[in-house]
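> coordinates for the following, if possible.
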Amino acid sequence: MHPTTRAIKGNRVPVTPNQVSTYDHSGTLYPQRKVYGVGSLAFNNKSFPNFTDSRPSSRSNFSNSGAQPNVLPQSHATGVVPNNEQVSDEKAGCLPGDRVVFAESPSAPGVPIVYRLPEEKAANPDRLNLDRRRLTICPILEGEENLRLLNFQHNSIARIQHLSSLRRLIFLDLYDNKIEEISGLSTLSSLRVLMLGKNRISKIENLNNLLKLDVLDLHGNQIKELENLNHLSELRVLNLAGNQLTKACNFLGLSSLTELNLRRNKIQYVGELDHLPKLLRLFLSYNDVRSFESIRCLGGSQSLQELALDGNPFTTEASYKQIVIDQLQCLRQLDLKKVTEDERRMASIVVRKEQEKKKECSKAQALKERRRVAIQNAEKRWQEDNNINTGVIQNNCNPDTHGVSLGFESLSHYTEVETDTLRLYGAAALEGLEKSNAVSNVAAITHIYFKFIPYDSIVSHFPKLRVRFPALQGLTFSFSSISTLKQINALTAVRRLDFLSLSPEGNPVTNFSLWKYYLLYRLSHFNLRKINEVDVSMTDTVLAEQLFSDLGHVTLHQFDISRVLSLLPDVRRKQVLGHSDTLEQKKSISPKQTEDRRKLILAAEQKNRPIGTESVNVAALSYNSTVRPKSAKTSDKVHIASSQLLDEIVASAIARQNKLTSLEKVWNSVLRDTVRSAVSEFACLSATVDKALSAVQET
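Numbers count the residues shown, from 1 in each chain. Okay, the predicted model is just below:
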């Protein structure tokens, strides 16, 4: 029989080489290395002793165990998965393992007991290797109170139990089992190394008594939160790789921690690591870190020397490496590559440039937020002025601001220039049209866009637009409360336009089917090319003239001669009247002569009117806005005065109504008494006359 084959009750089971988990400096756990020692796991600068085992190769040695009760064959031992494979000694190819005997406890049926022969225990009194024994339950370890190293790797154990007697145990390896809960460790106060990787644990708990714990391996589990670790002040190595963590914090109290492995999680934020004075190595590879702000706390660490961030979204940024090197002054190795002095100097230059770029971006973001808030407030003000209730205005706040106040809440207007377009939002933005420095490069402005500004507030500025913006070609009105065709008449003060747009939103006049034709008729001397971005055809112009020409004639017929003449420019007025006509002469003529003179004036005006100028028929259609610009100081006074006047009018109306009500109540009786008195007086007319004469004489 091959010396590496173990025999239990007739069944030969191959034994694999001694499996000891090792934890290297890169933070990776290697559970299946063929080693004969603990490797890098050292305590008080002393490595663990050799973990090799001596296993007898003949079945006869088990017969000498004598006092082992209820020895069961492997195929029947509780907690061991039966295996009937017959493997030859020559093909086993395995190193010697522990010589153990499985039995069933008389006091606890179904629970296996593990024994070792005296010579086996004498050879290795402080260690036991039960690797790959297909255990589903932690067996009772009979007579193993002096154990210091215990290996349960690669089994199917679902619960930690039956370890309360192992008070001297310092190394417990339960890697690759089916454990769902950390339990059964309260008596192991001497434990220094706990290996629970590749299990089904979802919560860190029940470690309160393990105050001497030096290494804790929980990689490959289902842990979602870091908790219940703050009391482990002697913990040096913590492995939480391959879990479901979304944030890494709650590290306060781990004052001895030197190595932390958080690879292959879903971490987006890291905090409190700057409070770990001895942290040397941190592994954050393959997480969800998107910016340095998420790991800003690392910049405060005075001890961190090795850092791994590869596999995170943040690492795709061009300046990722320079930012990290510049912020972590003690860093010597990044992503397994040494950090040189040249890289550190270059990082400082790159980061400075990035900071300047960020300032510019922040400034642009602030301007963007200022614009958003101002336009939103202008819209709200416009809705209040027009008694429009649309509910809460959507707040499309940029996620970068997260509700932070930037001091723009009081803004209610905004002005911006976009290439050749001047955009004005809110009524207060009209003040910029009066200031010489409010709009830059006015000569290049060809289009003015008004939004959330009442049309009547804009009318007073029309005569100045052509002077202020000589290249102006078009206007756009959106949410301007243009509700009547009469308001369109005011546009003639602009004097010349190529295109005009009235947005259907906030302009009820666009609901009229003929508004475009009226616009063409009233501004016929503009020769508009486009209305609402639609080309104007000759057919449209002719149809507009046919529809509204009578309206112009009827309106003009209501004017007297002086008002008709006032519609004409000075030069044309002189051409029509001649130099000898005076206002006094016009007043002296008769009505018939007035009508004849009107006809002559209109005929002369039509004959002498230059091409492209406004006809007097069209000019008769005018609009006078009731809104006048006023200063902010007089605004409050006018409001107060108007409120007082309104109160007085209301009080007077109420008093009159009360008097009228009282009169209605007594009117019938007053009328009845008056009629009765008159009838009685007429019945005795002579006596009444005598009485009246006497009263007169006495007076």
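> going forward, measure contacts between C-alpha atoms and count neighbours the same way
OK.
> please name the nearest non-neighbouring residue to residue 231.
Computed as C-alpha to C-alpha, 6 or more residues apart in numbering, the closest residue to residue 231 that is not its neighbour in sequence is residue 253, at 6.0 Å.
> neighbours around the one you found, how many?
Counted with other C-alpha atoms under 10 Å, the neighbours of residue 253 add up to 16.
> where does the stretch 101-250 of the chain dip in pLDDT?
For the stretch 101-250 of the chain, not a single residue meets the criterion pLDDT under 70.
> can you give me the strands for it?
Counting by DSSP state E, counting those that start in this stretch, the stretch 101-250 of the chain has strands at residues 112-116, 127-129, 140-141, 149-151, 171-173, 193-195, 215-217, 237-239, 247-248.
> can you give me the offset of the fourth one from its chain's centre?
In this view, strand 149-151 has its centroid 52 Å away from the chain centroid, taken as C-alpha atoms, centre = their mean, to the nearest Å.
> in its sheet, what does it sit against?
Each strand pairing with strand 149-151, determined using DSSP bridges, is listed with its direction: strand 127-129 (parallel), strand 171-173 (parallel).
> contacting residues around residue 474?
446, 447, 448, 497, 498, 499, 500 (C-alpha atoms under 8 Å, 6 or more residues apart in numbering).
> what is the nearest of the residues you listed to residue 227?
Proximity of the contacts of residue 474 to residue 227 was ranked by C-alpha to C-alpha; the top entry is residue 448 with 61.5 Å.
> the closest residue in space to residue 240 that isn't next to it in sequence: how many residues sit nearby?
In this structure, residue 240 finds its nearest non-sequential neighbour in residue 219, 4.5 Å apart by C-alpha to C-alpha, 6+ apart. Applying the criterion other C-alpha under 10 Å, we find 26 residues in the vicinity of residue 219.
> how close does residue 219 get to residue 235?
For residue 219, the distance to residue 235 under the criterion C-alpha to C-alpha, to the nearest Å works out to 16 Å.
> and what of residue 181?
Counting by C-alpha to C-alpha - residue 181 and residue 235 are separated by 20 Å.
> one step back: my read is the residue nearest to residue 231 is in a strand, agree?
No: secondary structure assignment places residue 253 outside any strand; it is coil (DSSP: H, G, I helix; E, B strand; the rest coil).
> so what's it up against?
Listed by C-alpha under 8 Å, 6+ apart, the contact set of residue 253 reads 229, 230, 231, 232, 233.
> under the pLDDT cut-off, which ranges of the stretch 501-650 of the chain? List them.
Within the stretch 501-650 of the chain, the stretches with pLDDT under 70 are 556-617, 619-620, 624-639, 642-643.
> now do 50
Residues of the stretch 501-650 of the chain meeting the criterion pLDDT under 50: 579-580, 582-587, 628-632.
> and what of the stretch 351-500 of the chain?
Low-confidence segments of the stretch 351-500 of the chain, defined by pLDDT under 50, span residues 391-407.
> circling back: out of the strands paired with strand 149-151, which is the most enclosed?
With neighbours defined as mean count of other C-alpha atoms under 10 Å, the strands paired with strand 149-151 peak in mean count at strand 127-129, which reaches a mean of 23.
> check contacts around the residue lying closest to residue 166 once chain neighbours are set aside.
Setting aside the residues directly before and after it, residue 166 is nearest to residue 145 in space (C-alpha to C-alpha, 6+ apart), at 5.1 Å. By C-alpha under 8 Å, 6+ apart, residue 145 lies in contact with 165, 166, 167, 168.
> who wins on neighbours among the residues you listed?
Ranked by neighbour count under the definition other C-alpha under 10 Å, these are headed by residue 166 with 23 neighbours.
> who's in contact with that residue?
If you count contacts by C-alpha under 8 Å, 6+ apart, residue 166 has them with 144, 145, 146, 147, 148, 187, 188.
> and if we set it to 10 Å?
With C-alpha atoms under 10 Å, 6 or more residues apart in numbering as the criterion, the residues that contact residue 166 are 141, 143-150, 185, 187-191.
> for PyMOL, what selects the buried ones among the residues you listed?
With 16 or more other C-alpha atoms under 10 Å as the criterion, this PyMOL line picks the buried residues out of the contacts of residue 166:
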select buried, resi 141+144+145+147+148+149+150+185+187+188+189+190+191
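> closest one of the contacts of residue 166 to residue 276?
residue 191 (22.7 Å).
> how near is the residue nearest to that closest one when sequence neighbours are not counted to residue 335?
Distances taken as C-alpha to C-alpha, 6+ apart put residue 170 closest to residue 191, at 3.9 Å, once the chain neighbours are dropped. From residue 170 across to residue 335, the span is 33 Å (C-alpha to C-alpha).
> can you confirm residue 416 is in a helix?
No: the assignment for residue 416 is strand, going by three-state DSSP, so no helix is present there.
> helix/strand/coil for the closest residue to it other than its chain neighbours?
Once its chain neighbours are removed from consideration, residue 416 has its nearest residue in residue 423; the separation is 5.3 Å (C-alpha to C-alpha, 6+ apart). Here residue 423 is strand, with the state taken from three-state DSSP.
> for residue 423, give the beta-bridge partners.
In this structure, residue 423 has beta-bridge partners residue 416, residue 449, where bridges are defined by DSSP bridges.
> and the closest residue to residue 146 other than its chain neighbours, its phi and psi?
Taking C-alpha to C-alpha, 6+ apart, and ignoring the residues beside it in sequence, residue 146 has residue 126 as its nearest neighbour in space, at 5.7 Å. Here the main-chain torsion angles of residue 126 (degrees, to the nearest 10) amount to phi -110, psi 10.
> and after the lengthiest helix in the chain, which helix or strand comes next?
Taking residue count as the measure and DSSP state H as the definition, the longest helix of the chain comes out as helix 632-683. Next along the chain after helix 632-683, taking DSSP states H and E as the criterion, comes helix 685-698.
> check which helices and strands that next one sits against.
Contact here means 3 or more C-alpha pairs under 10 Å, 6 or more residues apart in numbering; DSSP states H and E; on that basis helix 685-698 packs against helix 632-683.
> pull the contacting residues for residue 412.
Remark: with contacts taken as C-alpha under 10 Å, 6+ apart, residue 412 is in contact with 371, 373-382, 425-429.
> to clarify, my last question referred to residue 445.
Residues 417-422, 439, 468-474 are the ones in contact with residue 445 under the rule C-alpha under 10 Å, 6+ apart.
> for residue 293, see how far away the closest residue to residue 289 other than its chain neighbours is.
Of all residues beyond its chain neighbours, the one nearest residue 289 is residue 268 (4.7 Å), with distances taken as C-alpha to C-alpha, 6+ apart. Taking C-alpha to C-alpha as the measure, residue 268 and residue 293 are separated by 10 Å.
> higher neighbour count, the two?
Set side by side, residue 268 and residue 293 show more neighbours around residue 268, with 17 against 11, by other C-alpha under 10 Å.
> so what's the more buried one up against?
When the contact criterion is C-alpha under 10 Å, 6+ apart, the partners of residue 268 are 245, 246, 247, 248, 287, 288, 289, 290, 291, 294, 295, 312.
> for the first one, which non-adjacent residue is spatially closest?
Nearest non-adjacent residue to residue 245, counting by C-alpha to C-alpha, 6+ apart: residue 224, 4.5 Å away.
> quick one: the one you found and residue 249 touch, right?
No: the pair residue 224 and residue 249 does not pass the contact test of C-alpha atoms under 10 Å, sitting 11.9 Å apart.
> more neighbours, these two?
Neighbours per residue (other C-alpha under 10 Å) separate residue 224 from residue 249, with residue 224 holding more: 18 against 14.
> ok, that one - contacts?
Listed by C-alpha under 10 Å, 6+ apart, the contact set of residue 224 reads 201, 202, 203, 204, 243, 244, 245, 246, 247, 248, 265, 266.
> return the member of those nearest to residue 341.
Comparing the contacts of residue 224 against residue 341 with C-alpha to C-alpha picks out residue 248 as the nearest, at 30.3 Å.
> beta partners of the closest one?
Beta-bridge partners, per DSSP bridges, of residue 248: residue 270.
> surely it and residue 272 touch.
Yes: with the criterion set as C-alpha under 10 Å, residue 248 and residue 272 qualify as a contacting pair; they are 8.4 Å apart.
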